[in-house]
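Student: Can you look at this prediction? I've put the sequence above it.
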Amino acid sequence: VQVAESGGGLVQAGGSLRLSCVATGLPFSDFDMAWFRQAPGKERDFVADINRSGTISDYADSVKGRFTISRGGVKNMVYLQMNSLKPEDTAVYYCATGLTGVRRYAYWGQGTQVTVSS
């Protein structure tokens, strides 16, 4: 089982980034998928999730209206479109799948760094 994120980088405040995640090794097209983030010195926080069909999604209040989660045409991929980025969005972003409980997941990627400069 492998989960791999990509697309992080450095962007100015107000800019946009698109993160990608691919999960392999299991039929992840049948799994919910999610994004979390962890800022320096803080706990890992929920950002967004999406159901296996891509029809239902949920967001943390801090990103609603700015971030959009979606699934690819090949359903083992998930994306996070991040617009109107703020310095407080700076964090390592993790992709997760294999739901085991409420916002609890079995499989995690290594993370991708997003840095937003002011």
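Tutor: Yes, it's here. Predicted model, so just to flag it, every value in this text is computed and none were measured.
Student: tell me which residues form a beta bridge with the residue nearest in space to the middle of the chain?
Tutor: Nearest to the geometric centre of the chain sits Trp35, at 2.6 Å (C-alpha atoms, centre = their mean). For Trp35, the beta-bridge assignment (DSSP bridges) gives partners Ala48, Cys95.
Student: Make sure it is actually in contact with Arg44.
Tutor: No: with contact defined as C-beta atoms under 8 Å, Trp35 does not count as touching Arg44 (10.7 Å). Glycine gets a C-beta too; all of them are placed from N, C-alpha and C.
Student: Overlap of the contact sets of those two?
Tutor: Tyr94 (C-beta atoms under 8 Å, 6 or more residues apart in numbering).
Student: follow-up on the earlier one: would you mind listing the residues in contact with the residue nearest to the centre of the chain?
Tutor: Leu19, Cys21, Val47, Ala48, Asp49, Ile69, Val78, Leu80, Tyr93, Tyr94, Cys95, Ala96.
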